[in-house]
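[1] Generate coordinates for the sequence data below:
(2 chains)
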Amino acid sequence: MSIAKTYIPKETEEKWYSYWLQHGFFKSVPDEREPYTIVIPPPNVTGVLHMGHMLNNTIQDVLVRRARMKGKNACWVPGTDHASIATEAKVVAMLKERGISKKDLTREEFLTYAWEWKEKYGGIILEQLKKLGASCDWDRTKFTMDESLSEAVIDTFIHLYKKGLIYRGIRMINWDPQGKTAVSDEEVIRKEVNQKLYYIRYFVQSESPEVGKSESGEASSDFRTSGLPDSPGFLTIATTRPETIMADAAICINPNDERYLHLHGKKVYIPLINREIPVILDDYVTMDFGTGCLKVTPAHDLNDYELGQRHNLPVIDILNDDGTLNEKAQILVGEDRFAARKKIAVLLEEAGVLEKVEEYKSQVGFSERTNAVIEPKLSMQWFCKMGEMAKPALDYVLNGEIKLIPEKFVNTYRHWMENVRDWNISRQLWWGQQIPAWYLPTGEFVIAKNAEEALKEAQLKNPEYTAANLTQDEDVVDTWFSSWLWPISVFDGFKDPDNADINYYYPTNDLVTAPEILFFWVARMIMAGHEFRGEVPFRNVYLTGIVRDKQGRKMSKQLGNSPDPLDLIAQYGADGVRVGMLLCSPAGNDLMFDESYCKQGSGFANKIWNAFKLVKGWEVDESLSNPNGVAIEWFANRFNQALTEIEANFAQYRLSEALMDTYKLVWDDFCAWYLEMIKPAYQHPIDKATYAATIQFFENILKVLHPFMPFLTEELWHDELFGERSETDCCIVAQLPAIGEINSRLLNETELVKDVVTNIRNTRKTKQISDKEPLELFVKSNSGINYGQFEAIITRLANISKFESVADKIEGAINFLASTDEFYIPFSEEIDPVAECVKLKKEQEYLLGFLKSVNAKLGNERFMANAKPEIIEVEQKKKADAEAKLTIIEENLAALAC
RNA sequence: GGGAGCUUAGCUCAGCUGGUUCAGAGCAUCUGCCUUACAAGCAGAGGGUCACUGGUUCGAACCCAGUAGCUCCCA
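    You can find the predicted model right below:
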């Protein structure tokens, strides 16, 4: 392999990805090894790769690759989600462009188009993930509408229905008039919106509805008084939705409201249409909000609906599914609800019943998918009872069988699960699994796996029934109703609950996903896991943050503040981007992404490349003896120490910390210290032992780096430097080095040696001595450390021409302390005694202060009584060290006679 | 309105059971170096009242209470 000056990712990435594929390294089949399983959070078929996916899948790939390198049978199952609302919207839009309207199509025709669309665009994200290096077992790729997965959805629907956990009921749902579907509460985004509060007068029965009769013309600006009975002919209500007055079923007042006693038992007329409605009493009404008179519109407000139920009020629905007014409104029929609002305001004004309009801020729900204002709507829907299933799902998390990372999400999870509401699983769409309910002419229904079975069921009720008597429910189930089965259904665990795959891979190990769908998806998977397998679906849930831009804004297409991940990969290399993502991604916290992190990542790749270039350039002279024994031993120990730290961080899912440990191990310890320690002089050969040790180190470093930087490491792995490799001897399947013993004494002493080197470099800097000018160095070792063993290292790194141990201080030399050991550099120039005195006195002062605080602790009876013995020991050591240093400083001060 | 969380260097974040010479890391900044692996580099340096106020403790970035600011979830 010829070595380029810099690392060029493009030349390696495609090559190795296809090599891995060819050799089936991503593939997993059950065997004797311990499994390690991740199921991918299936991306929507409508999506393209965004930064959230990049983060999420980088993390999963790091975990999977590491597991593989720890000898586990790693299986990462990829797939996609059919995303009924979003996909149907895309297909409808596509058809519209072709001049086709969904209304003109049969269900079957529409679905043909939808599948066509899915085949064409549905796999885009998965293809893009390959660019990132994702080591998924692609042979296992699943789609939530695959036959077996869909069958599982239908089967579980039937199972839950039979168990009484699925029921049909009228509910107030969040209706998206643009998507023409119900959406769940979680898909409604609430925003504070400036609205208008309309004050409208309703005339009271037996009072003449003569316009302007009681008009004072000076309605009070205080709405608390504006509806007062000093205007006996009418009452005033305040509403943000004047277009719904035609759907009013009553006016409600608080029975304790003394202002309105005269209205008890009365009837009033709805303006414009003059329909008569009763005044009802309910203490639900807050007396001091608005006018104290509440218009009750059961069809268009959840609270009003419940109020209506209590008072047996009729439900008058004046809206069509597309948000326009229907004939029940009597006026403005066919107008859109917002147009109608403006028009009715004018009509009310003209009729003289619009008392005033105020600005008003309130929360309005918007559809996450279409951004349309959500319309509360009564509808017959299928529901799944949650209470019973939530309990065990909560327990799994509370008792630690499932760990949420970071732990803070346990609180959120508990709060949700303790206040869980039934799950509306109907969606008024075609793309998805059609609800397996067939309606009979009597209005009854049967639940069955297919039309034939449904007919059989129906014939039990009435043998006369034929297929023509049955109509299947038009709706499909919520997409989450299929994705909650994902960890089971990808292994075909419903149809074949005892198959080899599910028995081996389930429960899966880690799930990596966003906190936004903790309830939507994670909680429901746990419920499904318990319900259908009596077991958790995964052990650990790693919750990633939201990727934001530098200004803290969520990255989104609308804002255009998200870089294109593929552009980033092209620019920085997949390895660079992976490192960049992880550098700024603490678990569960949002990350402020900036391209500079990727730059740092590619810089790191380049650093490794160049270190490799150095080692590769060495000539070996077999006759040389090894002068680097200590350096080699030090790095071997340092490597083991770093492995321990990395392992600990992985165990706690602190991936960005583990990466930083690796980064520093490679850059600082290996490149900046070790290689500099052993590097032969230019065009000089290296001895065989050092060469062999260094190559071994390098190979181990590649292994540790591989999960983070798979492409670069695989590329270097195959260099001839490491000798002949068989076709399947690849970094991706190499086993991580075992952690060896750590000689902490050697590590500590080497830290001191590094301190000595830094001190000398510093001295050169302050005294303006060139790096090229050799210096002499003498040590008076008070600690007993044998610096002789480090001679080669110190002379090398600090350009020392002579290094000797001495028993006495050296007068007139530059000196410094490393721990309690004294170092001297004789220097021709006179040492400035005054400056030296100042320096020493400053140090002395600091040490005295420090010693004082230590002594204060040691002299404190309560400290001695309460502190743990090891703490006291540490304090005593601090004291001894400080005293030793002080003695040396005092001696030096005395010598200078200051 | 109810709940959860956050605030440590210019930026992004560590700091685990309160106790090392504990105030850290990376990036950025500044200074000096084109020293034959790397200027995408090397060597060195500066930078913080741990949001604020009080309390507990022998001892607080860490525990408790309050205040301010920010974020998220639910209504």
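[2] continuing past the worst-scoring helix or strand of chain A on mean pLDDT, what's the next helix or strand?
    None of the helices or strands of chain A scores lower by mean pLDDT, DSSP states H and E than helix A:223-226, at a mean of 35. Following helix A:223-226 in sequence order, the next helix or strand is strand A:234-239 (DSSP states H and E).
[3] what does the helix or strand following that following strand contact?
    For strand A:234-239, the following helix or strand on the C-terminal side (DSSP H and E) is strand A:250-253. Residues outside strand A:250-253 that contact it (Cβ atoms under 8 Å, 6 or more residues apart in numbering) are A:202, A:235, A:237, A:260, A:263, A:268, A:277-282, A:284-285, A:292-296, A:307-308, A:311, A:313. The C-beta positions use only the backbone N, C-alpha and C, and glycine is treated the same way.
[4] among those residues, which are in reach of RNA strand B?
    Contacts with RNA strand B are made by none of the contacts of strand A:250-253, judged by Cβ under 7 Å from any atom of the strand.
[5] now those: which count as buried?
    Listed as buried from the contacts of strand A:250-253 are A:202, A:235, A:237, A:260, A:263, A:268, A:277-281, A:285, A:292-296, A:307-308, A:311, A:313; burial here means 16 or more other Cβ atoms under 10 Å.
[6] Just the ones in strands from those, please.
    Judged by DSSP state E, strands contain the following of those: A:202, A:235, A:237, A:268, A:277-281, A:293-296.
[7] Closest to RNA strand B out of those?
    A:Leu294 (16.4 Å; Cβ to the nearest atom of the strand).
[8] Please tell me how far the closest one sits from A:Gln195.
    Separation of A:Leu294 from A:Gln195 (Cβ to Cβ, to the nearest Å) stands at 17 Å.
[9] need the residues of the stretch 451-600 of chain A near RNA strand B, please.
    When proximity is defined by Cβ under 7 Å from any atom of the strand, the stretch 451-600 of chain A lies next to RNA strand B at A:516, A:550, A:552, A:583-584, A:586, A:589-592, A:594, A:596, A:600.
[10] go again using 10 Å as the cut-off
    A:515-516, A:518-520, A:545-546, A:548, A:550-554, A:571-573, A:576, A:583-594, A:596-597, A:599-600 (Cβ under 10 Å from any atom of the strand).
[11] List the ones among those that fall in helices.
    Applying DSSP state H to those, the entries found in helices are A:571-573, A:576, A:583, A:596-597, A:599-600.
[12] Out of these, flag the one nearest to A:Trp717.
    Of all these, the one with the least separation from A:Trp717 (Cβ to Cβ) is A:Gly573, at 16.5 Å.
[13] give me every residue that touches that closest one.
    A:7, A:9-10, A:13, A:601-602, A:605, A:711-712 are the contacts of A:Gly573 under Cβ under 8 Å, 6+ apart.
[14] May I ask which of the residues you listed has the most neighbours?
    A:Leu712 (30 neighbours; other Cβ atoms under 10 Å).
[15] Could I get the pLDDT score of that one?
    On pLDDT, A:Leu712 comes in at 96.
[16] For whatever helix or strand it lives in, name the packing helices and strands.
    Following DSSP H and E, one finds A:Leu712 within helix A:710-717. Applying 3 or more Cβ pairs under 8 Å, 6 or more residues apart in numbering; DSSP states H and E, we find helix A:710-717 packed against helix A:10-22, helix A:565-583, helix A:595-616, helix A:688-705.
[17] okay, the ones you listed in CSV with mean pLDDT and distance to A:Thr750 next?
    Formatted as CSV, the helices and strands packed on helix A:710-717 follow (pLDDT from 0 to 100; distance: least, Cβ to Cβ, whole Å):
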stretch, mean pLDDT, distance to A:Thr750
helix A:10-22, 94, 35
helix A:565-583, 93, 27
helix A:595-616, 94, 20
helix A:688-705, 97, 15
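[18] Give me whichever of the ones you listed is most buried.
    helix A:565-583 (a mean of 24; mean count of other Cβ atoms under 10 Å).
[19] mind putting the ones in strands among the buried ones among the contacts of strand A:250-253 in CSV, distance to A:Asp146 and pLDDT included?
    Formatted as CSV, these follow (distance: Cβ to Cβ, whole Å; pLDDT from 0 to 100):
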residue, distance to A:Asp146, pLDDT
A:Tyr202, 57, 91
A:Leu235, 60, 88
A:Ile237, 54, 90
A:Val268, 58, 91
A:Ile277, 53, 93
A:Pro278, 55, 92
A:Val279, 58, 91
A:Ile280, 53, 90
A:Leu281, 57, 89
A:Cys293, 56, 86
A:Leu294, 51, 88
A:Lys295, 50, 90
A:Val296, 48, 90
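[20] Let me know the closest of the residues you listed to A:Asp661.
    Each of these was scored against A:Asp661 by Cβ to Cβ, and A:Leu294 proved nearest at 62.6 Å.
[21] my guess is that closest one contacts A:Asp283, does it?
    No. Counting by Cβ atoms under 8 Å, A:Leu294 does not reach A:Asp283; the two are 11.5 Å apart.
[22] what residue ranges in chain A are flagged as low confidence?
    A:1-2, A:184-186, A:192, A:206-232, A:288-289, A:361, A:551, A:556-559, A:587-588, A:828-831 (pLDDT under 70).
[23] could I get the ones in helices among the residues of the stretch 451-600 of chain A next to RNA strand B as TSV with distance to A:Leu643?
    Below are those laid out as TSV (distance: Cβ to Cβ, whole Å):
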residue	distance to A:Leu643
A:Gln571	32
A:Tyr572	27
A:Gly573	25
A:Gly576	24
A:Leu583	20
A:Ser596	29
A:Tyr597	25
A:Lys599	28
A:Gln600	23
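[24] Out of those, which is nearest to A:Lys191?
    A:Tyr597 (31.7 Å).
[25] Distance-wise, check the closest one relative to A:Ser585.
    Taking Cβ to Cβ, one finds A:Tyr597 at 9 Å from A:Ser585.
[26] cool, and A:Glu645?
    Counting by Cβ to Cβ - A:Glu645 and A:Ser585 are separated by 18 Å.
[27] These two: which has the busier surroundings?
    A:Ser585 (23 against 17).
[28] The nearest residue to the more buried one once chain neighbours are set aside pairs with what?
    Counting by Cβ to Cβ, 6 or more residues apart in numbering, A:Ser585 lies nearest to A:Leu591, which is 4.8 Å off, once chain neighbours are set aside. Counting by DSSP bridges, A:Leu591 forms beta bridges with A:Val547.
[29] was I right about A:Leu591 contacting A:Gly552?
    No. With contact defined as Cβ under 8 Å, A:Leu591 does not count as touching A:Gly552 (10.4 Å).
[30] In terms of neighbours, single out the busier of these two.
    Set side by side, A:Leu591 and A:Gly552 show unequal neighbour counts under other Cβ under 10 Å, the larger going to A:Leu591 at 20 against 9.
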